[in-house]
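S.K.: sequence? don't have it. structure:
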């Protein structure tokens, strides 16, 4: 085994070195990139996507994909916005519980259809993507939730801080990331998710309840997308039924995949996903600094997904060859 | 009684073959949607009106027919909507650069073909699952379209080019004729030629197909390329209909196209399905949309119904196939 092969085996190292190279290049081209404000922008942009990516990562490790998360985000954001119009004094903790519950229900619906009828999750969630988006319009009546409808203590959640001038939203998402890491690495259900993703049939024979594990992944993914809805309302101060969360699922999937999570299931880590999302956040902030128009952002994200998928497949091919297994 | 009927069916395989078929679900749904649309508004029962409301969906219908072939062969292409937008934008950019109409159309078709070829190469050579790869290229192609056109509408086409949906033969608009002819040709190809049979075999069992001497990869590559080419045609048709090309046209169209294929009874895991089902499903979507519009239900709220229909269509098709296998 050559050194290069060993290098390829540590997946997080690859994405980490890409980030380092990218930051160095960006800093050389324009030193403005290394200012405090740029990095503040990076770390304010990622919590929303990071929280959703944790759920999506679980689903992808479990061999499924959930592309309805953008609509789940919008639905929970609309629900909480409408509640704020009725009860402006709603506390932050109660709002988190409500949005998490709304998202959990929608995620479980996805999971139920996928497991009960045994259909590919992308097709199911393509359906629920539209279904939930339609519900957003029906519930809100097409009306936007404005800045003055959202109470001050919710907006300040993403602005103020109670710890070393780090915004509360960032600390909260960091807690979610750490909990996800602990669950994936050290809990029974976490290991069962990896087992199910590596080989569902073997997992079933081993006595793992595959249906339960899949439902758990979809439920958590929906729940975190629901919480992200509250983050959205807090961070941007408005919720528009036609704009909120549209296309965000592709950014999340891009982050998860370039973070080294294999789309064929069974491998991936929280650290890798975090680095993947961090890279996307850095690119997002670096584009204007490097004088690249914002229109290129989507093309760059798309290119990143395709390149990451190809690399992932090449690595799998190489590993199979190394282990002398299947001659693919 | 139902039980006796099912026993009777199991004793008569030929009859069962003709009765337990998902296409009948599409036909029944079509009848239901026509009746309920007429109930919603008396103005609906007008053939010319239905023909007119079909034209915007012809572009989707053309792609749905190719997508049927792709799904039968066990793959899927979700980047279709983005390819429509990308080819339309490339067409608009080329025409505005002053290279003339024929060359612009050629460039649009060529770019669509290249996009499809790119999908096909990555799927067949690198063995990336098509369902996830085309999610990636969906973002990529839409992003390229956005980089090219920014937020501008590319217009300024000659008057003969604009408004293909206003040209009629009798009461039938020309796009509907194009769609029908295309459906018949591809339907004949799929049901009556050796290549059509090969597609079913590839979808049922790619390994067996490979060992039977079918060039699986080459056929799949061809299908993806064809999908790109048809998306190019759809892009030019859409530009003619709207008189402008924008990067965000046909957003979310993959839902309606996949819905057409799924409602038509094509099996999501490959190996089964036919063009007749997709053709009927095209009219279901048209009548459903027109009926909901006549009933003055908001476009955005209609998404709920379309999304729910997609899920119900898949569940029903799976259920019927599981019954017909027994």
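M.R.: Received it, and whenever you're ready, just let me know what you need. Note that the structure is predicted; figures quoted are calculated from it, not measured.

S.K.: quickly find the element holding the residue most central in space within chain B.
M.R.: The residue lying closest to the centre of chain B (CA atoms, centre = their mean) is residue B:64, at 1.3 Å. Counting by DSSP states H and E, the element that carries residue B:64 is helix B:47-72.

S.K.: who are the packing partners of the helix or strand hosting residue A:135?
M.R.: Assigned by DSSP H and E, residue A:135 belongs to helix A:121-140. If contacts are counted by 3 or more CB pairs under 8 Å, 6 or more residues apart in numbering or on different chains; DSSP states H and E, helix A:121-140 sits against helix A:69-86, helix A:92-117, helix B:130-149, helix B:253-263, helix B:299-325. In short, each C-beta sits where N, CA and C put it, glycine included.

S.K.: from the contact counts, what lies against the second one?
M.R.: Helices and strands in packing contact with helix A:92-117 are listed as helix A:69-86, helix A:121-140, helix A:152-159, helix A:210-236, helix B:299-325; criterion 3+ CB pairs under 8 Å, 6+ apart.

S.K.: any residues of the stretch 201-326 of chain B in contact with chain A? List them.
M.R.: With the criterion set to CB under 8 Å from any CB of the partner chain, the stretch 201-326 of chain B comes near chain A through B:252, B:254-255, B:258, B:262, B:268-269, B:298, B:300-311, B:314-315, B:318.

S.K.: these two touch, right, residue A:193 and residue A:217?
M.R.: Yes: with contacts counted by CB atoms under 8 Å, residue A:193 reaches residue A:217, the gap being 6.2 Å.

S.K.: any residues in contact with both of the two?
M.R.: A:58, A:61, A:62 (CB atoms under 8 Å, 6 or more residues apart in numbering or on different chains).

S.K.: can you add distance to residue B:73 and mean neighbour count and give the helices and strands packed on helix A:92-117 back as TSV?
M.R.: Below are the helices and strands packed on helix A:92-117 laid out as TSV (distance: least, CB to CB, whole Å; neighbours: other CB atoms under 10 Å in any protein chain shown):
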stretch	distance to residue B:73	mean neighbour count
helix A:69-86	30	25
helix A:121-140	16	24
helix A:152-159	48	17
helix A:210-236	27	26
helix B:299-325	17	18
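
S.K.: nearest to residue A:183, of these?
M.R.: Across these, residue A:183 has its closest neighbour in helix A:210-236 (8.6 Å, CB to CB).

S.K.: what distance separates the following helix or strand past that closest one from the centre of its chain?
M.R.: Once helix A:210-236 ends, the next helix or strand along the chain (criterion: DSSP H and E) is helix A:248-258. Chain-centre distance of helix A:248-258: 7 Å, with CA atoms, centre = their mean, to the nearest Å.

S.K.: quick one, strands of chain B?
M.R.: Using DSSP state E, the strands of chain B run over residues B:168-169, B:172-173.

S.K.: ranking these by burial, who's on top?
M.R.: Ranked by mean neighbour count, these are led by strand B:172-173 with a mean of 18 (mean count of other CB atoms under 10 Å in any protein chain shown).

S.K.: that one packs against which elements?
M.R.: Applying 3+ CB pairs under 8 Å, 6+ apart, one finds that strand B:172-173 makes contact with helix B:47-72.

S.K.: how about the helix it packs on: buried residues?
M.R.: B:50-55, B:57-72 (16 or more other CB atoms under 10 Å in any protein chain shown).

S.K.: what sits against residue A:115?
M.R.: Contacts for residue A:115 (CB under 8 Å, 6+ apart) come out as A:211, A:214, A:215.

S.K.: from memory residue B:242 sits against residue B:248, does it?
M.R.: No: in terms of CB under 8 Å, residue B:242 does not count as a neighbour of residue B:248; the distance is 11.8 Å.

S.K.: so which of the two has more stuff around it?
M.R.: Set side by side, residue B:242 and residue B:248 show more neighbours around residue B:242, with 17 against 13, by other CB atoms under 10 Å in any protein chain shown.

S.K.: which residues touch that one?
M.R.: residue B:249 are the contacts of residue B:242 under CB under 8 Å, 6+ apart.

S.K.: separation between it and chain A?
M.R.: According to CB to the nearest CB, to the nearest Å, residue B:242 stands 20 Å off from chain A.

S.K.: any residue of the helix or strand where residue A:306 lies up close to chain B?
M.R.: Assigned by DSSP H and E, residue A:306 belongs to helix A:296-322. Yes: remark: helix A:296-322 sits within contact range of chain B at A:296-303, A:305-306, A:309-310, A:313-314, A:317, by CB under 8 Å from any CB.

S.K.: what's that helix packed up against?
M.R.: helix A:3-9, helix A:248-258, helix A:270-289, helix B:101-125, helix B:130-149.

S.K.: output these as JSON lines; include the columns distance to residue A:139 and mean pLDDT.
M.R.: Shown next, in JSON lines, are those (distance: least, CB to CB, whole Å; pLDDT from 0 to 100):
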{"stretch": "helix A:3-9", "distance to residue A:139": "48", "mean pLDDT": "64"}
{"stretch": "helix A:248-258", "distance to residue A:139": "19", "mean pLDDT": "88"}
{"stretch": "helix A:270-289", "distance to residue A:139": "29", "mean pLDDT": "87"}
{"stretch": "helix B:101-125", "distance to residue A:139": "37", "mean pLDDT": "94"}
{"stretch": "helix B:130-149", "distance to residue A:139": "27", "mean pLDDT": "90"}
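
S.K.: no further queries at this time; thank you.
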